[in-house]
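Chemist: Below are the sequence and a predicted model for it; my questions follow.
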Amino acid sequence: MTRELPPIISSTLATLGANLRLARERRGITIRELAEQLNASVPTIINLERGEATVSMAIYAAALHFYERLEWLPDLMDPQFDREALRIELAGIRPRSRR
């Protein structure tokens, strides 16, 4: 069992799960059909669509791939979009002294 997650994480996963469920329903795909496509069990798909933290990242990635959205996953932590890391790096840069 996983420890309790902060509410913001649980809420975000629940939203992702709801969006995945809606994507499936809008396409007219059953849970069983999606499970077969993702090589997963029906209970895993149910948990995926609930946004359960116990579902592996690989299953979330497989679902994104199935819905043709996988290319967005690496961008989540692309260094060019990591503003906090950039701020820290820039704060550490000191101008060269003139001699």
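Modeler: Yep, it's here.
Chemist: When you work out contacts or count neighbours from here on, use the C-alpha atoms and nothing else.
Modeler: Will do.
Chemist: Where do the helices of this structure begin and end?
Modeler: Using DSSP state H, the helices of the chain run over residues 7-26, 31-38, 42-50, 57-66, 83-92.
Chemist: Determine which stretch of those is the most buried.
Modeler: Ranked by mean neighbour count, these are led by helix 42-50 with a mean of 19 (mean count of other CA atoms under 10 Å).
Chemist: how many degrees apart are that one and helix 57-66 in direction?
Modeler: Angle of helix 42-50 versus helix 57-66, following axes from the mean of the first three to the mean of the last three CA atoms, to 10 degrees, is 80 degrees.
Chemist: neighbouring contacts of helix 42-50?
Modeler: Residues from elsewhere that reach helix 42-50, judged by CA atoms under 8 Å, 6 or more residues apart in numbering: 13-14, 16-21, 31-32, 34-35, 55, 59-60.
Chemist: and the two most separated of those residues?
Modeler: With distances taken as CA to CA, the most widely separated pair in the contacts of helix 42-50 is L13 and R32, at 21.4 Å.
Chemist: pLDDT value on G28, please?
Modeler: As summarised for this prediction, G28 has a pLDDT of 98.
Chemist: what about it, neighbour count?
Modeler: Here the neighbour count serves as a burial measure; for G28 (other CA atoms under 10 Å) it reads 10.
Chemist: separation between it and G51?
Modeler: When distances are taken as CA to CA, to the nearest Å, G28 and G51 turn out to be 20 Å apart.
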